[in-house]
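Participant: Give me the fold of what follows.
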Amino acid sequence: MANDFKRETKSGLSNNSGSPTTLYTCASNKSSIIIGFTLTNKTTSDVTVHSFIDTAISGDEDAFLCHTLTVPASSTVELTMGKVVLTHDGSNGDVVKAYASAASAIDVVLSILEDVNS
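Facilitator: Numbering: from 1, shown residues only. Sure, this is the predicted structure:
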């Protein structure tokens, strides 16, 4: 199996916690690793961001990657200081989602190493 480097970009996160922006969906029967996750605030005011792994894998629970993280005005924050493993068990998989305190204020760039199954 070949590992694939992917870049996912989203311009303007949702500000609705009930309908967050989907950033990345783990491919079927694959494992992926988030190797980079940047959040850029395009506005002149501080914005808070919430990002989480939404999973339907049996025995796993949804988990926040960040909760109420303040991204200063006109700044970029690097969220991942380590690696985050995402997985798909053939039936269900991990989905990375996010929302912000202000609509369309935050852009996201995810760097992913996909297909890391052994």
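
Participant: Name all residues that make contact with T25.
Facilitator: Counting by C-beta atoms under 8 Å, 6 or more residues apart in numbering, T25 makes contact with G93, D94, V95, V96. All C-beta spots, glycine's among them, are computed from the backbone N, C-alpha and C.

Participant: Redo those residues as TSV? Include secondary structure and distance to V77.
Facilitator: What follows is the contacts of T25, written out as TSV (DSSP: H, G, I helix; E, B strand; the rest coil; distance: C-beta to C-beta, whole Å):
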residue	secondary structure	distance to V77
G93	strand	26
D94	strand	22
V95	strand	21
V96	strand	16
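
Participant: Closest one to I34 out of those residues, please.
Facilitator: V96 (7.3 Å; C-beta to C-beta).

Participant: one step back: can you list the contacts of T25 in JSON lines and add neighbour count, pLDDT and distance to A56?
Facilitator: As requested, these are exported to JSON lines (neighbours: other C-beta atoms under 10 Å; pLDDT from 0 to 100; distance: C-beta to C-beta, whole Å):
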{"residue": "G93", "neighbour count": "21", "pLDDT": "92", "distance to A56": "7"}
{"residue": "D94", "neighbour count": "23", "pLDDT": "96", "distance to A56": "9"}
{"residue": "V95", "neighbour count": "19", "pLDDT": "96", "distance to A56": "8"}
{"residue": "V96", "neighbour count": "26", "pLDDT": "97", "distance to A56": "14"}
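
Participant: Tell me the spacing between the residue positioned nearest the centre of the chain and T80.
Facilitator: Central residue of the chain (C-alpha atoms, centre = their mean): V96, 4.1 Å from the mean position. V96 sits 11 Å away from T80, going by C-beta to C-beta, to the nearest Å.

Participant: Does the longest strand anywhere in the chain pack against any helices or strands, and if so which?
Facilitator: In the chain, taking DSSP state E as the definition, the longest strand is strand 31-41. The contact analysis (3 or more C-beta pairs under 8 Å, 6 or more residues apart in numbering; DSSP states H and E) places strand 31-41 against strand 47-55, strand 63-71, strand 76-78, strand 84-87, strand 106-114.

Participant: Sweet, I'm off.
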